[in-house]
Each structure stands twice: as structure tokens, then as C-alpha cells.
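[1] Provided below for reference: sequence and predicted model.
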Amino acid sequence: MSHFTIDEKIIGSESLPLFTLTINDSQATSIYSDGDLQAELVNTLRRNTNIPIFDLQEGLYMRLSVEDNIAFFLKWFNCKMPLPKILVEFELHTCAKKALDKCSESEIRRVYFAKYFISGYKKMVFQEPIHGVDVITVNNFINMLQKIKDLQIPVLILVSSMEHAVLLGDRVYKLKQDGLQEVEADEGEVEDTSIQSELESPRGPVAANLFKIPARVGDKMILFDPTEIDYIESQDGKTMIMINEESYAMEDTLAEANKKLEVFGFYRCHRSYIVNLQKVREIITWSKNSYSLRISNKVQSTIPLSRSKIQDIQEKLNLK
Amino acid sequence: MSVQRIHAIFEKDLKDLPRNIALLMLPVSNILLALIYSLTVDGEPPIAFLYLIAGATFSMVTSGIMMSMIAEENEKNTMRGLIQSPASLLDIIIGKSLVTGIITAISLMVSLMIVGIEPLMNFRAIIGLILMFLFFLLVGIGIGLFSKSLAATSGYLMPVMFLFGFTPMIATFQLAEDSIIIRTTNTFPIMQAIELYDNNFWMPLGILTAWIIGAALFTFICFRKVMTDD
């Protein structure tokens, strides 16, 4: 079984969070992150490893036909597969004689896929492979991933859309400034747990995906996932959602927000604070028996914890 | 080095060349030059003129096409992912040189046949032509490797064309026979090829070889630079 690992030694840069990730050949791995982090990750991999990164940035021979391009790549990479088979597998047989500069973007994308597939590397990293292409091409890429897995080639896919990450990856990770987290993506399992959780508690992942917290910025309405929120603070009578030191005004009062968010693991830790317990990194005990909570976000905010709540929160976090 | 890959590049570029109108203009304009001459002047052309045609062919077709083909791969970034070692870059260069060789041979034959090829059909002249081809090919490879875009190559092609391609024209500028310019240009490849044809054998052969070694050195430096840049 082949695999490759991205670890602290490879990352070794200030602008990326440190993590260790092993990509094996039985499961396609996808990492979802914003564009900046993705670019940083790609640069780091380029600099510190020789893993090929397929970013669709290199040129193809635009004057030549699809067929001539593929024929050239087959020969260059010494690939024994017959040309007609590749053309059919990548659904290029209908445009085989067309020059590339007359082809649609989706057709050209499939030529890229064919090239990468033919290249025969033993590790593969794709960057935004299905961004902006049609359904046929997306399906085609999914089929190709299966073929790559059958050939026991470990593959990593970098995308900036959660939808694509879940669609393409068997294992899905979310890369943020504060680290790499695995996202539950297995559809079968989600169904099971949602049925279970409906019976036991209302804290099911399905409900979590659907529930959004609205906030106003100017005249725009922004919807937040409860899991994104670090904590909620009451400032001068206004309820503010805090995410990485940025604040967004919310319509509800703190008490109303607490009621809605309790099921998502939020906790009223102070008269004017509701904290997302998932994000609590540390309970700081000051002298004189006062407490603070340190949040695991970029700026490592600390928020106060009422003395009367310490018992309660320790119970909730199973510390006692 | 791999014959398979050389063949792949050769086949690809041979298919690509007829679709590349800009590159096709080079041999075409060269043949037009010969055609215009043969239509306007009667009788045997002077030897210097035959070499002028050859020089124009080598500079425009050999150097020009070679540097454009390499520079286009650079500019459009098509070589990325193909080149994993110096050997595969060498494969690309050899494959392209073969294509350039074929198109040069065709264009040289056609344009010389138009003006009268007979005086050049002997051993000495052919040796001279082959050495000139090598010189211009190496210059083309070197320039192609370091220029980042197609537009840049047309700029670089100009001095190559005027200095090395059209050297016999400089004699028509009415400069004094022993002036520094004439004495310098007399050592240029084309003038030496004429010398090889007209008079002695070994001396011009040596000087031509020196030019080729110089061009090869230039190409090698460009090659090393490209490989270390990546």
C-alpha cells in the first residue's frame, strides 16, 4: 500500500498551521480551505517536496487537435494504453479531431485530466480540478479518481468549496488558520447517526448543517454556521457574534441566542458571554478564584468565566 | 535520453508546424527572396549571392524556427510537467532540431534551385553548408532557451540575421578593404564558408569549427541556466 505524508517538517512555514496528514491509496483525501491557505499549501509542497501538483496552469498545444495532444502525451510518458480507449474514457471521442483552441473549457479540462492520468506519477495532488466545468466533466473526474485508486496511487485534492471537497474526497479535511480538522463526510454514517441522535438528543449533524445564525453587516444579511462562531458577546446592549476577532451584530438578545444555540454546544459562561464549547482550548484559573476561557481561534481570545459557572462547565466538558 | 520521447516531440512539432502561420512565413519569405532575384537578374548569380541566400535561410529558417519553437514552449508553459530531468529537455531539443533540419533542407533546396544550385554541388561547399547549419542551429537553441516569450525572439533574431545571415552584404557598403569592420566580418561563418569554397580548405574549416564551438558553449550555458532556474 502506497501513501505519502505531509508533516511539520514539510510545512515548516509561519503562515501555515502545523499538521500531519497521511494520504493513502485507498481513500481520496480532500482538503477544504480558503484560497490564501490553499495557495500557501501549494507553494510549500512545491518548495519542499517533489510531489507533482496538477494545477491546470501549464499550457497544452492549442493548435493541435485533441487526438494529437493525447497521442503526444501517451508517447512522451511511455504509456501503453491505446489512444481510442483514453479518448472514450475521458469522453473526448466526439471532439477528437477538433483543435484545442476551438474546444470548450470543459473539453480542455478533460484533456488535462487525460494528461495527468497518462503521466503515471505515483503520487498526485489536484488543485481545484472541477472548478467551473460542466456536469459531464465532474463525473468524468470522479470516474478518474476511482481509476487512480484502483492503480493504488494516493491522491490529494485541494478545493476551496466544501461542496467539492465532500463530493470528491473519501476523507475530507478542513484547513484553517488554527489547524486541520477532519470533517465527517461518509454519507451512510451521517444518516445512521442522525436517526440515532433524533432519538437521543436533538444535537444531530443534519440539524447542525441546516441551522444558520443570521447577522447583519450594513444592509446585507450574513448566515453563519453555529460551528463557525467562537463566542457571542453582549456589547452595550447589542449582541455580537465574534469570529476571529471580527464582530457581527445579531438581532436576538443574548438570552434568546442562548436558547437557540444551547443544542449546538454553546454555553452561557458569563452574564454577557455565550461560548462555543467546541472551541474552548483552556480554562485559565487566576489567583483569587477567578476564571477565563481561552478560545482556539487565530487571535487566541480569552473571555471571562463566572465563578458560579465553573462547576457547571467542568461537568459539561466531562472534566469531573 | 530516450528515442521514444524524441520521436514524440518530432511528430508533435511536425504536425504543429503547418498550423503555425507565423513560423511558415520564414521559409516562405526566404523562397520569395530567391524568386525575386531570379526574375530580375539574368545569368549566373555570383557565388557570394548563393551564400547570401544560404545565410538568409540558415538565419531565418534554422535559427528563427528553432528559437521560436523553444520560446513558445517557454511562453505557454507547456514544458512544465514534461521535463523532469536535463535528459528530457535534451530530448525536446533534439526532437525540435530534427524538425528544423527537415524544414531547413527543404527551404534551402527550393531557394537554391530557383537561383541555380549547380555551383554548390560539391564536397567542399556541402561541408561548409553543414557546418553553417550547425552554427545557426546552436545559436537558435541558445536564444530559444533564454528568451521567455515569442516576441523577444523576433528581437534577438534581428542581430543574428544581419550579422551572421547577411554578412556578404556588408562587403557592398563600400568600406575600405582593410578596415576593421571588413577584417572582422571576413572571419564570420558565411565568409569562411565562401573562403572554404574558393581557396584553401583547412584554415576556414578551423575557424568555422571555432564558431561552432563558441555557439555550443553559449547553448550549453543557456541550458545550464534553464535547468538550475527550475
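    Sure, I can see it.

[2] wasn't residue A:4 part of a helix?
    No: going by DSSP: H, G, I helix; E, B strand; the rest coil, the assignment for residue A:4 is strand, not a helix.

[3] what residues go with each domain of chain A?
    Following automatic domain parsing, one finds the domains of chain A at A:3-189, A:209-316.

[4] wait, residue A:260 sits on residue A:252?
    Yes: here residue A:260 lies in contact with residue A:252, judged by Cβ atoms under 8 Å, at a distance of 7.2 Å. Backbone N, C-alpha and C define where each C-beta goes, glycine included.

[5] neighbour count for those two, which is higher?
    Taking neighbours as other Cβ atoms under 10 Å in any protein chain shown, residue A:260 and residue A:252 compare with residue A:252 leading, 16 against 13.

[6] tell me, how many residues neighbour residue B:121?
    9.

[7] could you pull up phi and psi at it?
    phi -80, psi 60 (degrees, to the nearest 10).

[8] got it, and residue A:284?
    Main-chain dihedrals, residue A:284, degrees, to the nearest 10: phi -90, psi 130.

[9] mind listing the helices for chain A?
    Assigned by DSSP state H, chain A shows helices spanning A:8-11, A:35-48, A:66-76, A:83-89, A:105-119, A:135-150, A:162-168, A:187-200, A:205-210, A:254-261, A:310-316.

[10] got the angle for the longest one vs helix A:105-119?
    Going by axes from the mean of the first three to the mean of the last three Cα atoms, to 10 degrees, helix A:135-150 is angled at 10 degrees with respect to helix A:105-119.

[11] and helix A:135-150, what's its mean pLDDT?
    Regarding helix A:135-150, the rounded mean pLDDT is 88.

[12] who touches it?
    A:25-28, A:89-91, A:106, A:109-110, A:113, A:117, A:124, A:129-130, A:155, A:157, A:167-168 (Cβ atoms under 8 Å, 6 or more residues apart in numbering or on different chains).

[13] skipping adjacent residues, who's closest to residue 75 in space?
    Since you didn't name a chain, this refers to chain A. Among residues not flanking residue A:75 along the chain, residue B:8 sits closest, at 3.6 Å (Cβ to Cβ, 6 or more residues apart in numbering or on different chains).

[14] my question was about chain B
    residue B:149 (4.6 Å).

[15] and the angle for the longest helix along chain B with helix A:66-76?
    Longest helix in chain B by number of residues (criterion: DSSP H): helix B:86-115. For helix B:86-115 against helix A:66-76, the angle by the same axes, to 10 degrees is 120 degrees.

[16] quick check: buried residues in helix B:86-115?
    B:88-100, B:103-104, B:107-108, B:110-112, B:114-115 (16 or more other Cβ atoms under 10 Å in any protein chain shown).

[17] same thing with stretch A:54-62?
    In stretch A:54-62, the ones that count as buried by 16+ other Cβ under 10 Å are A:54, A:55, A:56, A:60, A:61, A:62.

[18] correct me, but the first one touches residue A:123?
    No: under the criterion of Cβ under 8 Å, residue A:54 makes no contact with residue A:123, lying 10.9 Å away.

[19] can you pull the residues of chain B lying near chain A?
    Proximity of chain B to chain A, by Cβ under 8 Å from any Cβ of the partner chain, involves residues B:2, B:4-5, B:7-9, B:11-12, B:15-16, B:19-20, B:76-82.

[20] could you pick out which of those are located in helices?
    Short answer: the residues of chain B next to chain A in helices (DSSP H) are B:4, B:5, B:7, B:8, B:9, B:11, B:12, B:15, B:16, B:76.

[21] low-confidence ranges in the stretch 201-320 of chain A?
    Under the criterion pLDDT under 70, the flagged ranges of the stretch 201-320 of chain A are A:201-210, A:287-289, A:320.

[22] identify the residue of it closest to chain B, quick one.
    residue A:298 (34.5 Å; Cβ to the nearest Cβ).

[23] who are the contact partners of that residue?
    Contacts of residue A:298 (Cβ under 8 Å, 6+ apart): A:177, A:178, A:244, A:245.

[24] can you check residue B:47 too?
    B:119, B:194, B:197, B:198.

[25] from the residues you listed, keep the buried residues only.
    Applying 16+ other Cβ under 10 Å to the contacts of residue B:47, the neighbour count classes B:194, B:197 as buried.

[26] export the contacts of residue B:47 to JSON lines and tack on secondary structure and pLDDT?
    Compiled in JSON lines, these are given as follows (DSSP: H, G, I helix; E, B strand; the rest coil; pLDDT from 0 to 100):
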{"residue": "B:119", "secondary structure": "helix", "pLDDT": "79"}
{"residue": "B:194", "secondary structure": "helix", "pLDDT": "82"}
{"residue": "B:197", "secondary structure": "helix", "pLDDT": "80"}
{"residue": "B:198", "secondary structure": "helix", "pLDDT": "80"}
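
[27] looking at the contacts of residue B:47, which is nearest residue A:95?
    Nearest to residue A:95 among these, counting by Cβ to Cβ, is residue B:119 at 52.3 Å.

[28] shouldn't the residue nearest to residue B:75 be in contact with residue B:77?
    No: with contact defined as Cβ under 8 Å, residue B:149 does not reach residue B:77; the gap is 11.2 Å.

[29] just the buried members of the contacts of helix A:135-150?
    A:25, A:28, A:89-91, A:106, A:109-110, A:113, A:117, A:124, A:129-130, A:155, A:157, A:167-168.

[30] so where's the stretch 51-200 of chain A uncertain?
    For the stretch 51-200 of chain A (pLDDT under 70), the answer is A:184-200.

[31] spell out which parts of it neighbour chain B.
    So far as Cβ under 8 Å from any Cβ goes, the stretch 51-200 of chain A lies against chain B at A:52, A:57-64, A:68, A:71-72, A:75-76, A:78, A:99, A:115, A:119.

[32] again, only using 6 Å
    A:58, A:59, A:63, A:64, A:68, A:72, A:75, A:76, A:78 (Cβ under 6 Å from any Cβ of the partner chain).

[33] phi first, then psi, for the closest residue to residue A:27 other than its chain neighbours.
    Counting by Cβ to Cβ, 6+ apart, residue A:27 lies nearest to residue A:170, which is 3.8 Å off, once chain neighbours are set aside. Residue A:170 has phi and psi values of phi -80, psi -30 when expressed as degrees, to the nearest 10.
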